[in-house]
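Q: sequence and predicted structure below; questions after.
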Amino acid sequence: MTNQNSRITVVGGGIGGLTAALLLARTGADVTVLERAPQPKEVGAGLLIQPNGLAVLGGLSLAADLHQRAHPIGGAVVRSPAGVPILHTRMPDYGPGLDHTLAVRRSHLLTVLLGAVEAAPAVRTLFGHEVIDAHQDGHVTYRDPDGTHQTLRADLVVGADGAGSQIRAVGAFRPTVRGSRATYIRGIIPGDDLGLEGEYWTPLGVFGGARLGDGTTYFYAAGDAAGVAAALAQRDLPALRRVWADALAPSTGVLQRVPDFDALLINDVTRVDCARWVDGRLVLVGDAAHAMAPNLGQGANSAMVDAAVLAIELAGDRPIADALRRYTTRRARPVRRVQDTADRLARMSRVAGRLRPVTRDTLLNLLTRIHPLAHRQTTAAQQEDPRALLASVAALGSTPTTAEGTKATDQPRPSERRGARRAGGAGAEHRAVPDNRDAKGTSGPSR
């Protein structure tokens with residue numbers, strides 16, 4: 001498929017959707033983003049952008065903007081409740097700017113992406129527009145803020161609408177959606193003086209976080225152990241502090257800075273597996289295709305890689321069906337491995353009893369010492385070579401303005417799109433990530 005003058009509808013205005021819109025516009029497509037939230041709004045949580053995500057954002061020339069309010073981290077550390085390191089890995093050097101992870105507020109990343117979308121003439125965003133149906137021929141029906149049903153026709157519809165995806169629901173993707181007993185608590189507290197970086201594996205589960213580079217600290221904690229779950233059910237913040245203080249002393253300073261219970265974000269984990277990622281002109285990216293446990297920190301990063309690979313394959317001079325087949329081939333198996341690894345890490349962080357944690361910690365220490373094995377595991381989590389990914393994204397070129405003579409459609413021309421984008425409130429805060437997106441950082445829930 002040659003994207004020049006093609007029409008693409010992206011459903012979902014989160015990290016994956018906006019990244020996809022920017023990348024597809026760079027290939028020459030005319031892109032419309034439909035987002036049901038009335039205004040872009042991203043609540044609270046932090047996020048670790050790993051080298052694969054940094055490669056995509058770097059190829060879009062957005063890395064410098066992100067680093068203005070972010071904290072670079074060179075590796076991952078897991079400690080016992082006593083503070084003894086049981087796993088310590090360094091991020092491999094994949095090239096300039098690709099030797100670390102970057103701890104950021106999700107809202108900062110969304111602000112940067114929205115700013116880039118606002119500057120892209122070939123992209124318009126329609127907030128407050130809820131998709132209610134889609135067809136494999138590229139038709140999308142949505143409800144506008146007045147309640148009127150409208151239809152768009154596109155050459156391709158990208159479902160970037162999260163774990164509860166409407167595009168997945170109406171297409172023939174044969175999904176398996178599984179809940180889990182895992183719950184995570186997240187929050188951002190004032191101050192970056194607590195030294196919280198990395199995570200602890202405790203009898204209650206994981207507790208960790210990172211500085212965000214703006215004078216605040218992001219933290220996350222398991223929320224499904226009996227005492228913790230009871231405190232959450234009662235919305236009892238003092239009880240939550242007491243339960244965690246008994247398990248992990250450093251948690252006290254963190255949770256004391258949480259002002260009230262409503263400042264906590266509480267999410268259950270959902271896993272999504274799709275037998276197919278493509279149905280005609282419908283294609284899935286991000287959590288819509290492969291929601292995962294947050295314990296490997298790859299949810300949002302994987303969504304950005306999806307968007308990049310999709311754009312790269314569509315930019316080639318081949319039929320759209322071939323491009324979509326190549327996209328699925330490149331992405332499905334590596335993402336499945338990441339999902340499985342994240343599930344294993346989640347189980348390992350919850351090991352309890354007297355002997356089992358000792359056995360686990362001994363094995364993890366051994367893994368750390370076997371450098372080639374640890375390096376291989378870290379590299380597998382990136383799914384694509386970050387250096388090559390950066391080069392491929394950068395090669396997509398500058399965002400073009402759509403030429404006259406595009407296919408007949410009911411979508412407005414670029415001159416009409418500019419007003420629509422401004423009406424969407426591009427400078428505002430952004431929508432909360434649905435379900436289990438990006439619950440943590442380091443080796444744990446930061447997706």
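A: Yep, it's here.
Q: tell me the bridge partners for Glu199.
A: Glu199 forms beta bridges with Val78, Gly208, as assigned by DSSP bridges.
Q: ok, it to Pro85 distance?
A: 11 Å (Cβ to Cβ, to the nearest Å). In this view, the C-beta of every residue, glycine as well, is placed from N, C-alpha and C.
Q: anything in contact with each of the two?
A: By Cβ atoms under 8 Å, 6 or more residues apart in numbering, Glu199 and Pro85 have these common neighbours: Val77, Val78, Arg79.
Q: which pLDDT value goes with the second one?
A: This points to Val78. Listed pLDDT for Val78 reads 91.
Q: just give me the neighbour total for it.
A: Val78: 24 surrounding residues under other Cβ atoms under 10 Å.
Q: and it, how far from Val285?
A: Taking Cβ to Cβ, one finds Val78 at 30 Å from Val285.
Q: one more: Gly171?
A: Distance from Gly171 to Val285, counting by Cβ to Cβ: 13 Å.
Q: identify the contacts common to the two.
A: By Cβ under 8 Å, 6+ apart, the residues touching both Gly171 and Val285 are Gly159.
Q: the two: which is more packed in?
A: Ranked by neighbour count (other Cβ under 10 Å), Gly171 and Val285 place Val285 first, with 31 against 26.
Q: surely that one and Ile15 touch.
A: No - taking Cβ atoms under 8 Å as the definition, Val285 is not a contact partner of Ile15, at 10.3 Å.
Q: overlap in contacts, those two.
A: With Cβ under 8 Å, 6+ apart as the test, Val285 and Ile15 both reach Ala303.
Q: any buried residues in the helix or strand that contains Ala64, and which?
A: When elements are assigned from DSSP states H and E, Ala64 belongs to helix 63-67. Of all the residues in helix 63-67, those buried under the rule 16 or more other Cβ atoms under 10 Å are Ala63, Asp65, Leu66.
Q: now stretch 88-99
A: His88, Thr89, Met91, Pro92, Tyr94, Gly95, Gly97, Leu98, Asp99.
Q: ok, now which ones touch the fifth one?
A: Pointing back at Tyr94 there. By Cβ under 8 Å, 6+ apart, the residues touching Tyr94 are Pro51, Ala55, Gln382, Asp385, Pro386, Arg387.
Q: count the residues that sit near the fourth one.
A: As a burial measure, the neighbour count of Asp385 was computed by other Cβ under 10 Å and equals 17.
Q: excluding chain neighbours, give the residue nearest to it in space.
A: Tyr94 (7.2 Å; Cβ to Cβ, 6 or more residues apart in numbering).
Q: thinking again about what came up before, which one of the shared contacts of Glu199 and Pro85 sits closest to Cys274?
A: Nearest to Cys274 among the shared contacts of Glu199 and Pro85, counting by Cβ to Cβ, is Val78 at 30.9 Å.
Q: thinking that closest one is in contact with Glu197, fair?
A: No - contact between Val78 and Glu197 fails when scored by Cβ under 8 Å: they sit 11.4 Å apart.
Q: just the strands in the stretch 1-150 of the chain please.
A: Secondary structure of the stretch 1-150 of the chain, counting by DSSP state E, counting those that start in this stretch: strands at 7-11, 30-35, 46-49, 71-73, 75-79, 85-90, 101-105, 123-127, 130-134, 139-143, 149-153.
Q: comparing those strands by mean pLDDT, which bottoms out?
A: Among the strands of the stretch 1-150 of the chain, strand 85-90 scores lowest, at a mean of 86.
Q: that strand to strand 75-79, inter-axis angle?
A: Interaxial angle of strand 85-90 relative to strand 75-79 (axes from the mean of the first three to the mean of the last three Cα atoms, to 10 degrees): 180 degrees.
Q: strand 85-90 pairs with which strands?
A: Short version: by DSSP bridges, strand 85-90 pairs with strand 75-79 (antiparallel).
Q: okay, Gly13: pLDDT?
A: Taking Gly13 on its own, its pLDDT is 95.
Q: distance of it relative to Val117?
A: To Val117, Gly13 is 9 Å away according to Cβ to Cβ.
Q: swap in Ile185?
A: 31 Å.
Q: contacts for the helix holding Ala64?
A: Here helix 63-67 makes contact (Cβ under 8 Å, 6+ apart) with Ile49, Leu54, Leu57, Gly97, Leu102, Val104, His108, Leu109, Val112, Gly115.
Q: could you turn the buried ones of these into a PyMOL selection?
A: Selection command for PyMOL covering only the buried members of those, criterion 16+ other Cβ under 10 Å:
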select buried, resi 49+54+57+97+102+104+108+109+112
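Q: quick one: the contacts of helix 63-67 as a markdown table, columns for distance to Gln339 too.
A: A markdown table is the format used below for the contacts of helix 63-67 (distance: Cβ to Cβ, whole Å):
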| residue | distance to Gln339 |
| --- | --- |
| Ile49 | 19 |
| Leu54 | 21 |
| Leu57 | 23 |
| Gly97 | 27 |
| Leu102 | 23 |
| Val104 | 23 |
| His108 | 27 |
| Leu109 | 22 |
| Val112 | 27 |
| Gly115 | 31 |
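Q: what is the nearest of the contacts of helix 63-67 to Ile320?
A: Leu57 (26.2 Å).
Q: which ones are touching that closest one?
A: Neighbouring residues of Leu57 by Cβ under 8 Å, 6+ apart: Thr19, Ile49, Ala63, Leu66, Val112, Met304.
Q: present the residues you listed as a markdown table; the columns should include distance to Arg241.
A: Output for those, formatted as a markdown table (distance: Cβ to Cβ, whole Å):
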| residue | distance to Arg241 |
| --- | --- |
| Thr19 | 37 |
| Ile49 | 30 |
| Ala63 | 38 |
| Leu66 | 33 |
| Val112 | 34 |
| Met304 | 35 |
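Q: wait, which of those residues is closest to Arg26?
A: Nearest to Arg26 among the contacts of Leu57, with distances taken as Cβ to Cβ, is Thr19, at 11.0 Å.
Q: isn't the closest one right up against Ala303?
A: Yes - counting by Cβ under 8 Å, Thr19 does reach Ala303; the two are 7.1 Å apart.
Q: distance between the lengthiest strand in the chain and the chain's centre?
A: Across the chain, the longest stretch assigned as strand under DSSP state E is strand 175-190. Distance, stretch centre to chain centre, for strand 175-190: 13 Å (Cα atoms, centre = their mean, to the nearest Å).
Q: understood, closing this out.
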